[in-house]
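Undergrad: Take this sequence and fold it.
(one chain, ligands or ions: 1)
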Amino acid sequence: MQRTPAAEQAAKTPPSCLADFNCAALPLEDDGLDLAVDFALTCKACGADTFEILAFPKVAPDPSPYFAIEPGQTLFQPPHRLKCTSCGDERALFDVRTQGYDGVLNGGGAYESGTTGEAPIPGVFNVVVTACYNIELNELIELAHDAKVNASDLFDWLTIVGTSTGGEQIELSYECA
Ligand SMILES: [Zn+2]
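TA: Below you'll find the predicted structure:
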């Protein structure tokens with residue numbers, strides 16, 4: 001199975017939000033999504049592969065206005081940064097207000113972003129970021145050229161998956177177009 005041209009382009013030139021990390025495009029699995037690329041992240045300062053995922057936690061009110069979050073549950077709002085658990089280096093990972101298709105072209109995505117009270121999501125995680133491109137490469141290149149960004153910066157979906165040392169997974173998924 002092959003990636004779509006837009007996804008293949010991103011595998012070669014990753015989105016610039018990942019520029020502060022070493023990122024390796026993982027091979028597309030047989031049952032994988034051909035319009036997506038998975039990037040495994042390691043610390044650019046020391047090479048370690050475990051991070052704390054920083055977010056802006058908010059406890060959902062009753063009734064909860066948030067999809068799949070019950071009243072009283074904690075929503076981990078963007079923007080997100082990663083803190084290396086080995087050397088302590090902290091780097092920005094994703095801000096839905098300025099990154100991705102809507103962030104670059106339309107002034108932001110439809111998510112509440114936190115501004116105060118940044119805190120780590122409990123746990124220590126290996127982090128894989130999945131970027132999706134549900135668009136033709138030619139159109140992507142044209143839009144990127146006009147916006148002066150990389151084609152890979154115009155992802156329409158971004159998912160941050162953290163897998164803890166105990167095997168527990170946390171998924172932060174953002175529709176960006
Ligand atoms: Zn480090």
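
Undergrad: Would you mind listing what in the protein touches the ion?
TA: For the chain, the residues found near the ion under the criterion C-beta under 5 Å from the ion are 43, 45, 46, 48, 84, 86, 87, 89. Just so you know, the C-beta spots here come from the backbone N, C-alpha and C atoms, and that holds for glycine as well.

Undergrad: For the nearest residue to the first one once chain neighbours are set aside, give its distance to residue 44.
TA: The shortest distance from residue 43 to any residue that is not its chain neighbour, by C-beta to C-beta, 6 or more residues apart in numbering, is 4.0 Å, and that residue is residue 84. According to C-beta to C-beta, to the nearest Å, residue 84 and residue 44 sit 9 Å apart.

Undergrad: which one of these two has more residues nearby?
TA: Neighbours were counted for residue 84 and for residue 44 using other C-beta atoms under 10 Å; residue 84 has more, 22 against 14.

Undergrad: What residues are bridge-paired with the more buried one?
TA: Note on residue 84: beta-bridge partners residue 51, judged by DSSP bridges.

Undergrad: Let me see the contact set for it.
TA: Residue 84 is in contact with 43, 45, 46, 48, 50, 51, 90, counting by C-beta atoms under 8 Å, 6 or more residues apart in numbering.

Undergrad: Leaving out sequence neighbours, find the closest residue to the fourth one.
TA: Okay, so that is residue 48. Leaving aside its sequence neighbours, residue 48 sits nearest to residue 86 (C-beta to C-beta, 6+ apart; 3.5 Å).

Undergrad: pretty sure that neighbour contacts residue 52?
TA: No - checked against C-beta atoms under 8 Å, the pair residue 86 and residue 52 is beyond contact range at 11.0 Å.

Undergrad: Next, count neighbours for the residue nearest to residue 123 when sequence neighbours are not counted.
TA: Nearest in space to residue 123, with sequence neighbours left out and distances taken as C-beta to C-beta, 6+ apart, is residue 164 at 4.5 Å. Per other C-beta under 10 Å, the neighbour tally for residue 164 reads 15.
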